[in-house]
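Peer 1: requesting a structural model of the entry that follows:
(one chain, ligands or ions: 1)
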Amino acid sequence: MICEAGACAENVTFANSGTEATMYAARLARAHTGKDKVGLFDGSYHGVHDYALTKADPESSRSEPRAASLGNGVPKMIPDETMLMLPYRDPHAFDLIHRHRDELAVVQIEPVQSSNPRLDSGEFLGELIEVCRKNGVLVLFDEVITGFRIEYGGCQEYYGLTPDLVTYGKAIGGGLPVGAVAGRAEIMNGFTGKEGAPFIFCGGTFSGNPLTMAAGTAAVTTMRDQKETLYPYLHEQGSRFRETVNEYCRREKIPAQVMSAGSLLHLIFQSGAIEGQRDIGDDYRSAEARFYLHLMNHGVIIPGIHVAFFSAAHTPAEVDQVIEGFKASFEALREDGAF
Ligand SMILES: Cc1ncc(COP(=O)(O)O)c(C=O)c1O
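Peer 2: This next block holds a predicted model:
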């Protein structure tokens, strides 16, 4: 089913998490190209293995960001010598890819960044694939969030683009832990060494376990059978939510905005335009923390890093209830003196 849905997916290998999937995909790309470096974008998230825990050093230049590790305990040589940080939605990334083409195995990108979700990056993604092809660098779409969520065929379908590799997780597990790497057969052969492909080691006690595969198959079957109505519904609710809340914030001069891509939503406490994560300041951090506490008093829980999702189970009336909860929580913050 993954191979039918994903534009670049000729073969698929299962893992237990999105973290494992991105780890295998990078290893596969290194083996296939014989090069060591992995490119990634400022503001991205690809999981918690040592090579994924790379952020842009906030002190470094915006158009030529420097890779630094996220948190302690990651060997310094990983960000310094094995990762290339690229500026997001900035054509300077293409110059950097060209300059580093002899050491760059793959560029990985979330086709929608959960830190600032939006659907207007199609041109940038298309150009990225073109530039990478010209320079002998593979492209990995990390669709751990967007796969089977933005469309049935993920962002590959939404944008009509075909990367070399794709990673999945979350939605394909039907609620159980899962990850998957899929891609062009010639590259994927690395998992088996078939047809002389450079073999990579992979394994995991629970990878592809029958329980997850059964739950995932059931979930993906439901999504496939309902895709004509399911995805338009999710896009409609997400857009309606974003537009209604943003109109309210503009009218009431609340320094916040909802960014969204289909059913994936992120409220950002800033009123100015946002190109990438670097544009998001800290001015309202304490207001933001309190906002989510107020929201709970209105029956809406958005836990963790405050990335939120509508699902097919949310009715339009429940979306309205979330909108009302947002408005009431903004008002409560204003009464608290937060703005
Ligand atoms: C784009 C992306 N890649 C990878 C991961 C890691 O997946 P997991 O949490 O299953 O390890 C995540 C998790 O949020 C993600 O959003």
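
Peer 1: next up, the contacts around residue 167.
Peer 2: Taking CB atoms under 8 Å, 6 or more residues apart in numbering as the criterion, residue 167 is in contact with 18, 21-22, 25, 140-144, 179-182. Any C-beta I mention is one placed from the backbone N, CA and C, and that applies to glycine too.

Peer 1: SS state for it?
Peer 2: strand (DSSP: H, G, I helix; E, B strand; the rest coil).

Peer 1: what distance do you get for it to the ligand?
Peer 2: 7 Å (CB to the nearest ligand atom, to the nearest Å).

Peer 1: for that residue, give me the pLDDT.
Peer 2: For residue 167, the model assigns a pLDDT of 98.

Peer 1: next: residue 276.
Peer 2: The model reports residue 276 with a pLDDT of 86.

Peer 1: find the nearest non-adjacent residue to it, please.
Peer 2: Spatial nearest neighbour of residue 276, excluding adjacent residues (CB to CB, 6 or more residues apart in numbering): residue 88 at 4.2 Å.

Peer 1: tell me how many other residues crowd that neighbour.
Peer 2: 25 (other CB atoms under 10 Å).

Peer 1: tell me who's in contact with it.
Peer 2: Residue 88 neighbours (CB under 8 Å, 6+ apart): 41-44, 113, 275-277.

Peer 1: what of residue 148?
Peer 2: 5, 154, 168, 171-172, 220, 223.

Peer 1: closest to the ligand among these?
Peer 2: Distance ranking of the contacts of residue 148 against the ligand, using CB to the nearest ligand atom, places residue 168 first at 9.4 Å.

Peer 1: list the contacts for residue 168?
Peer 2: Taking CB under 8 Å, 6+ apart as the test, what residue 168 contacts is 2, 6, 18, 21, 143-144, 147-148, 154, 178-182.

Peer 1: would you map the helices across this structure?
Peer 2: 2-5, 18-33, 77, 92-99, 122-134, 154-159, 185-188, 210-225, 227-252, 285-297, 316-336 (DSSP state H).

Peer 1: dump those helices into JSON lines; add mean pLDDT, distance to the ligand and mean neighbour count as well.
Peer 2: Shown next, in JSON lines, are the helices of the chain (pLDDT from 0 to 100; distance: least, CB to the nearest ligand atom, whole Å; neighbours: other CB atoms under 10 Å):
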{"stretch": "helix 2-5", "mean pLDDT": "96", "distance to the ligand": "16", "mean neighbour count": "16"}
{"stretch": "helix 18-33", "mean pLDDT": "98", "distance to the ligand": "2", "mean neighbour count": "24"}
{"stretch": "helix 77", "mean pLDDT": "97", "distance to the ligand": "22", "mean neighbour count": "8"}
{"stretch": "helix 92-99", "mean pLDDT": "98", "distance to the ligand": "18", "mean neighbour count": "18"}
{"stretch": "helix 122-134", "mean pLDDT": "98", "distance to the ligand": "14", "mean neighbour count": "16"}
{"stretch": "helix 154-159", "mean pLDDT": "98", "distance to the ligand": "11", "mean neighbour count": "24"}
{"stretch": "helix 185-188", "mean pLDDT": "98", "distance to the ligand": "19", "mean neighbour count": "19"}
{"stretch": "helix 210-225", "mean pLDDT": "98", "distance to the ligand": "12", "mean neighbour count": "15"}
{"stretch": "helix 227-252", "mean pLDDT": "98", "distance to the ligand": "17", "mean neighbour count": "16"}
{"stretch": "helix 285-297", "mean pLDDT": "94", "distance to the ligand": "18", "mean neighbour count": "15"}
{"stretch": "helix 316-336", "mean pLDDT": "97", "distance to the ligand": "21", "mean neighbour count": "16"}
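
Peer 1: I'd like those helices written out as TSV, with distance to residue 55 added.
Peer 2: Formatted as TSV, the helices of the chain follow (distance: least, CB to CB, whole Å):
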stretch	distance to residue 55
helix 2-5	30
helix 18-33	15
helix 77	16
helix 92-99	16
helix 122-134	20
helix 154-159	22
helix 185-188	27
helix 210-225	30
helix 227-252	26
helix 285-297	17
helix 316-336	29
